[in-house]
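Trainee: kindly return the folded structure for what I paste below:
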Amino acid sequence: MLGYILTAEDVLGYYGEERRDIQQAIFRYGESRETVVVMQSSILGRGRGDGPGFRSPEQILEIAKMCLDEQEGPVLRNYPAFHGTVGRYTENGGMLRRTRALFGADMVFDIDAKVNYKEAFRQGMRITDFLDRYDVPYRVKFSGGSGPHIILPYEVFPQPFSDAKFKRVFNMISTLSEAEHVDGSLWSPTHFLRLPYSLNEYTGLTSLPLTREEMESFEPGMAEIQNVEVDESWFELPEDAQEQMERFFVDGLGFKLRRREE
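Mentor: Coordinates of the predicted model:
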């Protein structure tokens, strides 16, 4: 089983003032998402969170402290993990998702191979190899558990999709890449996903952003907190990302999109 033991001091140090880069990275990715914190095997959304997002990067440490205060004894049973929706929501002041408008969603491929992390990454690279064939921009991160998350950010899509078309594209990529063990539930914008650089609530490993090259050589030790450095370039996308994606829809998936009106 992946994982190792962290103390409360380790956790607070990782989410704390000495790692403002971690706070900023989690906060940055959590913006425009509904966020929750998960501490144990419970339904996502029931953890302690701030509804539509974090008020500030510093709030991440505050929440972690409150979570750890509820645990008794020196050995932690689980760790504060920050999750956010794959859907993006407008900043209109609403505290609940139903009062905030959904304007888009990331497309996430979660490789759920329980056998071992090497098999999960092998299957994940089938998807990235397929996307690389058409120069599709994407992001990869380790789940902190046993496999990779491959993310097509909302910003790369030339136009919004209906739920039906979004699911169709998700299924086409999964099928054409011949990847196995793809979790089919993540096409929904209401699904929660561990935020980049968050700890995994079960293993204590980080949900670590990876380059394509790091994906090929990944070892779980890379995600231990003492080895984690924030990669700012992971958040960046090429200026022609939508044009690259549109070419992929034509050449890779066999259909064309109507361009957004200027």
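Trainee: from now on I want contacts and neighbour counts done on CA atoms only, so please keep to that.
Mentor: Will do.
Trainee: can you give me the helices in this protein?
Mentor: Ranges of helices within the chain are 8-15, 20-30, 59-69, 117-132, 163-177, 212-216, 241-251, based on DSSP state H.
Trainee: for the shortest one, buried residues please.
Mentor: The neighbour-count check on helix 212-216 (16 or more other Cα atoms under 10 Å) flags 212, 215 as buried.
Trainee: now do that helix: everything it contacts.
Mentor: 121, 125, 140 (Cα atoms under 8 Å, 6 or more residues apart in numbering).
Trainee: if we can go back for a sec, pick out the shakiest of the helices of the chain, pLDDT-wise.
Mentor: Mean pLDDT is lowest for helix 59-69 among the helices of the chain, at a mean of 90.
Trainee: what's the offset of that one from the middle of its chain?
Mentor: Average the C-alpha atoms of helix 59-69, do the same for its chain, and the two points are 21 Å apart (Cα atoms, centre = their mean, to the nearest Å).
Trainee: one more: stretch 144-155?
Mentor: Chain-centre distance of stretch 144-155: 5 Å, with Cα atoms, centre = their mean.
Trainee: and the helices of the chain: which comes nearest residue 192?
Mentor: Nearest of those to residue 192, taken as Cα to Cα: helix 20-30 at 11.1 Å.
Trainee: against which helices or strands is the closest one packed?
Mentor: Under the contact definition 3 or more Cα pairs under 8 Å, 6 or more residues apart in numbering; DSSP states H and E, helix 20-30 sits against helix 8-15, helix 59-69.
Trainee: so which of the ones you listed gets nearest residue 32?
Mentor: Checking those against residue 32 by Cα to Cα gives helix 59-69 as the closest, at 15.8 Å.
Trainee: which residues are contacting that closest one?
Mentor: The contact list for helix 59-69 (Cα under 8 Å, 6+ apart) reads 8, 11-12, 15-16, 23, 27, 37, 39, 48-49, 54, 79-80.
Trainee: mind putting those in JSON lines, neighbour count and distance to residue 104 included?
Mentor: Converted to JSON lines, these look like this (neighbours: other Cα atoms under 10 Å; distance: Cα to Cα, whole Å):
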{"residue": "8", "neighbour count": "17", "distance to residue 104": "37"}
{"residue": "11", "neighbour count": "20", "distance to residue 104": "33"}
{"residue": "12", "neighbour count": "19", "distance to residue 104": "33"}
{"residue": "15", "neighbour count": "27", "distance to residue 104": "29"}
{"residue": "16", "neighbour count": "22", "distance to residue 104": "31"}
{"residue": "23", "neighbour count": "22", "distance to residue 104": "24"}
{"residue": "27", "neighbour count": "21", "distance to residue 104": "19"}
{"residue": "37", "neighbour count": "26", "distance to residue 104": "22"}
{"residue": "39", "neighbour count": "22", "distance to residue 104": "28"}
{"residue": "48", "neighbour count": "17", "distance to residue 104": "25"}
{"residue": "49", "neighbour count": "19", "distance to residue 104": "22"}
{"residue": "54", "neighbour count": "22", "distance to residue 104": "19"}
{"residue": "79", "neighbour count": "26", "distance to residue 104": "30"}
{"residue": "80", "neighbour count": "28", "distance to residue 104": "27"}
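Trainee: picking that back up, pipe the helices of the chain into JSON lines and attach distance to residue 194 per row.
Mentor: Shown next, in JSON lines, are those (distance: least, Cα to Cα, whole Å):
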{"stretch": "helix 8-15", "distance to residue 194": "15"}
{"stretch": "helix 20-30", "distance to residue 194": "10"}
{"stretch": "helix 59-69", "distance to residue 194": "14"}
{"stretch": "helix 117-132", "distance to residue 194": "17"}
{"stretch": "helix 163-177", "distance to residue 194": "19"}
{"stretch": "helix 212-216", "distance to residue 194": "18"}
{"stretch": "helix 241-251", "distance to residue 194": "24"}
